[in-house]
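[1] Build me a structure from this.
(one chain, ligands or ions: 1)
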Amino acid sequence: MSAVTGARTLRVGTRASRLATTQSQHVADLITRELGEPTALVEVTTEGDTNRAPLAQIGGTGVFVGALREALLRGDVDVAVHSLKDLPTAPADGIALAAVPPREDPRDAVVARDGLTLGELPAGSRVGTGSPRRAAQLAALGLGLEVVAIRGNVDTRLRKVADGEVDAVVLARAGLARIGRVDEVTETLDPLQMLPAPGQGALAIECRADDEHLRALLASLQDRRARATVDAERAVLAALEAGCSAPVGALAEVAEGDDGDELWIRAVALAADGSVEIRRSASGDPSDAAGVGHRLAGEMLADGAAELMDNQ
Ligand SMILES: NCc1[nH]cc(CCC(=O)O)c1CC(=O)O
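    Have a look, this model is predicted:
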């Protein structure tokens, strides 16, 4: 039981990487500060951490999520923290998305040798990414860059630039900020050039669906606008029936208007080589965020988005 009903330390499950433990500690601190509950981090090893095969072969980024959810369902931990963009769009049995806290900068960032921007890198430069979405958008820029497939945690990927294995890498700015390395960013990419992954920069706080007391408690950590943006972005992904590693980017914002808040969303689906893209935007009521995303995806499908992605 929690401190409200009796003293219990809330066990917060986390992956062991530096990014994951930093994010999880951030949420644990929020729980303690905002809700007055004592917390402790519990590390859970996932297949994505131990198996170096390409993610697509071992089940996509969902492999990072599955082990944490199993630990929740077994009762080994009470709360699980994920990068929201790593969550599969399908709901998981017995698991509740209790809250989305305030979101970090969702944009992608470049870390290049010698402080260069993408446009300053000479044609033929090697740019590392493991993401089909980033690879396709890099190709679509038409800069003649060579995309090199890389994997590994954020520190590993940055080391490949320092070692000269690649000239640059593209990463989530939020991840760099969270581990204290955002000063190494040489360019933050405008979403006009590189639309981020749905949910990028946001965290997901999950608990067991039947843990109603805890659900109600955690709900107060939610940032309503952040939740609306990620709901809209993930609805696009779900409606396109695209997985988390599909070449799909989406970014929503909630703008304050005279008649209340308005939600804006833009999205892109690309051929793997960036040679064709379908780009659309829409707006609507933030209380209908998923509906706005769903309708946007419908227009993209009418434009041929499914055929584009079938050709992967
Ligand atoms: N795919 C791995 C992953 N999952 C979440 C982040 C960064 C943090 C975030 O996007 O919220 C990263 C690293 C990256 O894409 O550079």
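[2] Please make it C-alpha for all contacts and neighbour counts, starting now.
    Noted.
[3] Please list the residues of the stretch 201-312 of the chain that sit near the ligand.
    Counting by C-alpha under 6 Å from any ligand atom, the positions of the stretch 201-312 of the chain adjacent to the ligand are 201-202.
[4] And the strands in the stretch 201-312 of the chain?
    For the stretch 201-312 of the chain, the strands defined by DSSP state E, counting those that start in this stretch cover 203-208, 248-257, 260-270, 277-284.
[5] Pull the shortest one out as PDB, backbone CA atoms only.
    I take that to be strand 203-208. Written as PDB, here are the backbone C-alpha positions of strand 203-208 (Å, rounded to 0.1, in the frame of the first residue of the first chain):
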ATOM      1  CA  LEU A 203       7.600   9.400 -21.200                       C
ATOM      2  CA  ALA A 204       5.000   6.800 -20.400                       C
ATOM      3  CA  ILE A 205       4.200   5.900 -16.800                       C
ATOM      4  CA  GLU A 206       2.400   2.500 -16.600                       C
ATOM      5  CA  CYS A 207       1.000   0.500 -13.700                       C
ATOM      6  CA  ARG A 208      -1.300  -2.600 -13.400                       C
END
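[6] which ones are touching Ile95?
    Applying C-alpha atoms under 8 Å, 6 or more residues apart in numbering to Ile95 gives the contacts 69, 73, 206-209.
[7] Closest one of the residues you listed to Glu262?
    Closest approach between the contacts of Ile95 and Glu262, by C-alpha to C-alpha: Glu206, at 26.9 Å.
[8] Cross-check the contact I'm expecting between the closest one and Ala99.
    Yes: here Glu206 reaches Ala99: they are 7.1 Å apart, a contact under C-alpha atoms under 8 Å.
[9] Neighbours of the residue of the stretch 201-312 of the chain found nearest the ligand, how many?
    Closest to the ligand within the stretch 201-312 of the chain is Gly201: 3.3 Å, counting by C-alpha to the nearest ligand atom. Neighbour count for Gly201, taken as other C-alpha atoms under 10 Å: 25.
[10] Could you measure from it over to Ser83?
    7 Å (C-alpha to C-alpha, to the nearest Å).
[11] Repeat that for Glu212.
    Taken as C-alpha to C-alpha, the span from Glu212 to Ser83 is 23 Å.
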